[in-house]
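Visitor: Sequence and predicted structure, then a few things I'm wondering about:
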Amino acid sequence: MKYWLLKSEPDVYSFDDLIKQKIGTWDGVRNYTARNNLKKMEEGDLAFFYHSNIGKEIVGIVKIVKEAFQDPSTDDHRWVAIEVSPVEKLKRTITLKELKENSEMQHLELVKFTRLSVMSIEKSDFEQIIKMSKEKAN
DNA sequence: GCCAACGTTGGC
DNA sequence: GCCAACGTTGGC
């Protein structure tokens, strides 16, 4: 069981859009590092859904329901897509700012490699962030 | 809108 | 295979 973080611009595809669709295809990834992460995903893995640009915050949790397959948005065989379904919306969103200000979260790829759109997360960090979302801010 | 940080492309 | 030029992403 692995843990991940998926980035999306909410004006293109938001967590609420995914909730409406029930199952969403995560396609359009055109970066090798991100693609390699997609290929490592297994059915049942969990991922955070992060809103980039607008909000800059983790908004919910999704589950991988279909492992990597040919990206339907291109004929180029180099790229893959996955399918996800929503698990739950966080009671309180966790902002990038908050993570950057947290001394225990400095090693997160989200903090260090801002441009990567699909990244893995340590189980302990995943659980810590969920814990944070259940507590009040500051 | 600007800029930093990368990633990609193409000339040599 | 190196590197300069260019393109893209995403935070601010």
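Guide: Looks like it came in fine.
Visitor: for chain A, what are the low-confidence residue spans?
Guide: Residue ranges of chain A with pLDDT under 70: A:137-138.
Visitor: so the residue lying farthest from the centre of chain A, which of the three states?
Guide: In chain A, A:D75 marks the outermost C-alpha relative to the chain mean, sitting 24.6 Å out by Cα atoms, centre = their mean. Recorded secondary structure, A:D75: coil (DSSP: H, G, I helix; E, B strand; the rest coil).
Visitor: how far away is it from DNA strand B?
Guide: From A:D75 over to DNA strand B the distance is 15 Å, taken as Cβ to the nearest atom of the strand, to the nearest Å. C-betas here are computed from N, CA, C, even on glycine.
Visitor: what's the single longest strand in chain A?
Guide: Counting residues, the longest strand in chain A under DSSP state E turns out to be strand A:80-95.
Visitor: what packs against it?
Guide: helix A:15-21, strand A:24-26, helix A:32-40, strand A:46-51, strand A:57-70, helix A:123-134 (3 or more Cβ pairs under 8 Å, 6 or more residues apart in numbering; DSSP states H and E).
Visitor: what would these look like in JSON lines with mean neighbour count?
Guide: Listed next are the helices and strands packed on strand A:80-95 as JSON lines, based on neighbours: other Cβ atoms under 10 Å:
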{"stretch": "helix A:15-21", "mean neighbour count": "15"}
{"stretch": "strand A:24-26", "mean neighbour count": "21"}
{"stretch": "helix A:32-40", "mean neighbour count": "16"}
{"stretch": "strand A:46-51", "mean neighbour count": "23"}
{"stretch": "strand A:57-70", "mean neighbour count": "19"}
{"stretch": "helix A:123-134", "mean neighbour count": "15"}
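Visitor: and of the ones you listed, who's closest to DNA strand C?
Guide: strand A:46-51 (7.3 Å; Cβ to the nearest atom of the strand).
Visitor: Which residues does that closest one contact?
Guide: A:1, A:3-10, A:14-15, A:18, A:41, A:57-64, A:84, A:86-87, A:110, A:121, A:126, A:129 (Cβ atoms under 8 Å, 6 or more residues apart in numbering).
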